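Peer 1: I would like to see how this sequence folds:
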Amino acid sequence: MPDTNYSQYNSNAAAAMTAHSLQYMEWYLAAVIIYVFAFAVFVGWWFFQNRVVLFAGVSIAVGGAACQIVSLGLRWYYSGHVPWNDLYGSLSVVVLWTVLLFVTFGARFKIWYAGPIVFAVADLLLAYASGWNKGLEPLVPSLKSYWIVYHVPIVLAAYASFLIGFATSVLFLLKRRSEEAATPQAWLVNVPPSSKLDVVTYRVVAVGEILLTIGIVLGALWAHDAWGAYWQWDPKETAALVSWLVYAAYLHMHTRPSWRGVNSAWTSIVGFASIMFCYFGVNIWISGLHSYK
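Peer 2: Sure thing, here's the model as predicted:
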């Protein structure tokens, strides 16, 4: 005869897990919607150059980040482990880092014009990640390590920096073309000169390269603890190394005046494409030690 008390306990536990999943997803979806408004407000900033508009855009962005923090916090609390253990959680952290770094870089380097590109890409990633939400699952044995607390967030912060560098690179190319045209594009008149965008991109990418370097070193230490070797030539490791080399080439190119500008901007864009392949191509489509399959 089946144990009805045990079955009832399982049913209640499953219902609680579902309710908890819905709770953190509500905050998550709120962030997705809020970032749409942030995108729209920063588009307005291009044309109105108004402090009130800028304050509204930054406030909305911070509000979206706050929703993400609550969502990630609830998932951490209910699951009992870090929330960036899968594609859904890690993409959410990438977007959170992107918003926080954009606000920081914006205040420091005045790159608010990149807001529409930054929030368009970030919100698409966040919306896409929702399809990978598997609810509250236990941490797989291979991820039960203190290294996950340090290695993963640092690498994800590097990805966020490169996303912002991608946005400023695209903006640079648009502005440079407008500057060289016989009739400059009216919608780009208020955007800073391409020379300034080139310098800002370099600084943002430099931050990302430093973070990626630290993340790769920490990943190697984790690999040594888990698998007995610092480097396995796993597809993820190899792709990360390729991305690191692309951005190292970018930083080297920027030291030579003849290679700055258009060439370095395209290298930054290629670098971000390699990051996207490292993230999605390797993690989803190629089997390996870091696969999300």
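
Peer 1: okay, CA-based contacts and neighbour counts for the rest of this
Peer 2: Fine.

Peer 1: what sits against the spatially most central residue of the chain?
Peer 2: The centre of the chain sits closest to residue 94, judged by C-alpha atoms, centre = their mean, with a distance of 2.8 Å. Contacts for residue 94 (C-alpha atoms under 8 Å, 6 or more residues apart in numbering) come out as 156-157, 159-160.

Peer 1: That one: helix or strand, and which one exactly?
Peer 2: For residue 94, the host element (DSSP states H and E) is helix 87-109.

Peer 1: and that helix, how far out from the chain's middle?
Peer 2: 6 Å (C-alpha atoms, centre = their mean, to the nearest Å).

Peer 1: List the buried residues for the host helix or strand of residue 148?
Peer 2: Using DSSP H and E, residue 148 falls within helix 147-180. Going by neighbour count (16 or more other C-alpha atoms under 10 Å), the buried part of helix 147-180 is 148, 151-173, 175-176, 178-179.

Peer 1: again, but for stretch 130-148
Peer 2: In stretch 130-148, counting by 16+ other C-alpha under 10 Å, buried: 130, 135-136, 148.

Peer 1: okay, those in CSV with secondary structure, pLDDT and distance to residue 245 next?
Peer 2: Converted to CSV, these look like this (DSSP: H, G, I helix; E, B strand; the rest coil; pLDDT from 0 to 100; distance: C-alpha to C-alpha, whole Å):
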residue, secondary structure, pLDDT, distance to residue 245
130, helix, 89, 31
135, coil, 80, 36
136, coil, 83, 37
148, helix, 91, 24
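
Peer 1: Farthest-apart pair in the residues you listed, please.
Peer 2: Spatial extent of these (C-alpha to C-alpha) is set by the pair 130 and 148 at 21.6 Å.

Peer 1: Residue 102 contacts residue 162, doesn't it?
Peer 2: No. Residue 102 lies out of contact with residue 162 (C-alpha atoms under 8 Å); the separation is 11.0 Å.

Peer 1: correct me, but residue 212 touches residue 152?
Peer 2: No. Contact criterion C-alpha under 8 Å: residue 212 and residue 152 do not qualify, at 10.2 Å.

Peer 1: helix/strand/coil for residue 85?
Peer 2: coil (DSSP: H, G, I helix; E, B strand; the rest coil).

Peer 1: Where do the helices of this protein begin and end?
Peer 2: 4-48, 51-79, 87-109, 115-129, 147-180, 194-227, 235-253, 262-276 (DSSP state H).

Peer 1: How is the chain partitioned into domains?
Peer 2: Here the domain assignment for the chain is 13-143, 145-293, based on automatic domain parsing.

Peer 1: Switch the buried residues of stretch 130-148 over to JSON lines; also include distance to residue 184.
Peer 2: Formatted as JSON lines, the buried residues of stretch 130-148 follow (distance: C-alpha to C-alpha, whole Å):
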{"residue": "130", "distance to residue 184": "40"}
{"residue": "135", "distance to residue 184": "50"}
{"residue": "136", "distance to residue 184": "53"}
{"residue": "148", "distance to residue 184": "49"}
